[in-house]
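Colleague: Please find the sequence and the predicted model below.
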Amino acid sequence: MELTRNPLETYEGLLSSNLTDEIQSYIVKVISRYSDADFADEEFSTHLGRFVEIVCRLISHLNRRKEPTLTDLMQAMDVLDHFASTTRWWNMARSSPGIILRPATRDPREFIRSIPSVRLGSETISRIKGASDRLSSFLDEHEIASSSTREHLQRCMMSTWTLLSAFCCKSQGRNVSSESDFETAYDILRILLFHTPSVDFAALSAIRIIATSSRLPQIADVNFSPGFEKKLESSTAARLETTHGEYLGDAGDTVPRASRAILTNSIRLLAQIEAANLGIDRIEESDYDTVTMGALSLLERVRIDPEVFLDENAVVGLFRRLRPAEEGIGEGLALLTRKLESLIVDSTGNRNFLLQHARVVPRMVALLLLVSSGTKSPEDDGLRDIDLKRGLILLEKLISD
């Protein structure tokens, strides 16, 4: 597969990115929670800091910023958390470079703290040195930035290969790394640098922000009166949803059964968001017009015309665009949903939260599908992984703003 991004331009972007004192101090603050045990001939926290730095620089470059922001740094930290908390991340491929939003299978902090117990095998060390020498020759040949800056980038790359090799080794229950661990680390970093879309990094942060938002419990606590529900079920949106629901059948397993009432479930969640904004914890029948109009106006923030709930052709187009355009969309949405649920449980510290508010996640998935499909080109019929991730970013905006 051809590279999505030019290596020379990417390295130039990484090297030209200026880490401010504020960003550097935040990196030090974040990694200071980990042991300074020696690892691969340096302090372990040094490797962690370089890993975060290289990803932070990359995200800043992809967003065409000369100075990384705190948002870039938080996204970089979420990438580290992803590798530390999940398994099978090493299955990323150049033909499918997206980050799969899997639910956590372990505590990332505990996992990171266990890494100094991994011993790098001689083949791993040899391959890291060889890759470092080739990178050094490439950077020197093109004379990008100053020699000291190039050397710093080289050290950051070496630390990233070192950590990913150890992560891969430890994730598979081994304590001595092999040559194959380096090969995995090398490929993963190359995919991140030259293939992974910037939206993937933002989506990792978006799903965390959604699940940990202090507004989410307030939104979930908003109730509907029977009168409001009766009006909604007799609305134009409900009629169009029923009339054209057959198009969702073409989406196969992409659309979960609990979320198939895409229009009315989206209105419910938007109405809950609007009610939370207004300080209302129960929406009465008399509030229907005011709250619904306010709810639909929220969609304009993410550039979706509220007419999508009223126009027959718009609804048909919306549902058609939910048909999977690539393999694994249904599985990807299921993993995303499970990750969202597990993050909510961790954030609330209450396993009963999702039982008490059983409809909140299906409504969130419905709205996610609405914004994912509703912001696609009318000529684009198929739903892709990148659309769901773009939808996550928009959903976070709707919940957080």
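Modeller: Perfect, thanks for sending it. Numbering: from 1, shown residues only.
Colleague: mind checking the SS state of Tyr288?
Modeller: Under DSSP: H, G, I helix; E, B strand; the rest coil, the three-state class of Tyr288 is helix.
Colleague: How much space separates Glu183 from Trp90?
Modeller: From Glu183 across to Trp90, the span is 10 Å (CB to CB, to the nearest Å). From N, CA and C alone the C-beta is placed, and that goes for glycine too.
Colleague: can you list residues touching both of the two?
Modeller: The contact sets of Glu183 and Trp90 do not overlap (CB atoms under 8 Å, 6 or more residues apart in numbering).
Colleague: just for the stretch 151-300 of the chain, where's the confidence low?
Modeller: Applying pLDDT under 70 to the stretch 151-300 of the chain picks out residues 249-253.
Colleague: which residues does the nearest residue to Gly382 once chain neighbours are set aside contact?
Modeller: Closest residue to Gly382 apart from its sequence neighbours, by CB to CB, 6 or more residues apart in numbering: Ala325 at 2.2 Å. For Ala325, the contact set (CB under 8 Å, 6+ apart) comprises 380-384.
Colleague: Most neighbours among the residues you listed, which one?
Modeller: Leu383 (27 neighbours; other CB atoms under 10 Å).
Colleague: ok, that residue - contacts?
Modeller: Counting by CB under 8 Å, 6+ apart, Leu383 touches 251, 254, 321-325, 329, 372-373, 376.
Colleague: Need phi/psi at it.
Modeller: In terms of degrees, to the nearest 10, the main-chain angles of Leu383 are phi -90, psi 130.
Colleague: beta partners of it?
Modeller: When assigned by DSSP bridges, Leu383 has beta-bridge partners Pro324.
Colleague: ok, and the closest non-adjacent residue to the residue at the greatest distance from the centre of the chain?
Modeller: Distance from the C-alpha centroid of the chain peaks at Ser286, with 38.7 Å (CA atoms, centre = their mean). Distance criterion CB to CB, 6+ apart; nearest residue to Ser286, sequence neighbours excluded, is Gly227 at 7.9 Å.
Colleague: element containing that neighbour?
Modeller: Assigned by DSSP states H and E, Gly227 belongs to helix 226-233.
Colleague: show me where the stretch 201-350 of the chain has helices.
Modeller: Remark: helices assigned in the stretch 201-350 of the chain by DSSP state H, counting those that start in this stretch are 215-220, 226-233, 236-243, 246-249, 262-278, 288-298, 312-320, 329-348.
Colleague: With Arg94 as the reference, name the closest of those.
Modeller: Using CB to CB as the measure, helix 329-348 is the one of these that comes nearest Arg94, at 17.9 Å.
Colleague: Now mean neighbour count and distance to Glu12 too, for the helices of the stretch 201-350 of the chain, in JSON lines please.
Modeller: Putting the helices of the stretch 201-350 of the chain into JSON lines (neighbours: other CB atoms under 10 Å; distance: least, CB to CB, whole Å) gives the following:
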{"stretch": "helix 215-220", "mean neighbour count": "19", "distance to Glu12": "40"}
{"stretch": "helix 226-233", "mean neighbour count": "15", "distance to Glu12": "54"}
{"stretch": "helix 236-243", "mean neighbour count": "17", "distance to Glu12": "50"}
{"stretch": "helix 246-249", "mean neighbour count": "15", "distance to Glu12": "46"}
{"stretch": "helix 262-278", "mean neighbour count": "23", "distance to Glu12": "42"}
{"stretch": "helix 288-298", "mean neighbour count": "18", "distance to Glu12": "40"}
{"stretch": "helix 312-320", "mean neighbour count": "18", "distance to Glu12": "41"}
{"stretch": "helix 329-348", "mean neighbour count": "19", "distance to Glu12": "33"}
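Colleague: can you tell which of the ones you listed is closest to Cys156?
Modeller: helix 329-348 (28.3 Å).
Colleague: quick one: the closest one to chain centroid distance?
Modeller: Relative to its chain's centre, helix 329-348 lies at 11 Å (CA atoms, centre = their mean, to the nearest Å).
Colleague: helices and strands around it, which ones?
Modeller: helix 198-212, helix 215-220, helix 353-356, helix 360-374, helix 385-400 (3 or more CB pairs under 8 Å, 6 or more residues apart in numbering; DSSP states H and E).
Colleague: Columns distance to Ala76 on top of these, output as CSV?
Modeller: Formatted as CSV, the helices and strands packed on helix 329-348 follow (distance: least, CB to CB, whole Å):
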stretch, distance to Ala76
helix 198-212, 8
helix 215-220, 24
helix 353-356, 29
helix 360-374, 24
helix 385-400, 16
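Colleague: Could you identify which of these is most buried?
Modeller: Most buried of the helices and strands packed on helix 329-348 by mean neighbour count (mean count of other CB atoms under 10 Å) is helix 360-374; its value is a mean of 25.
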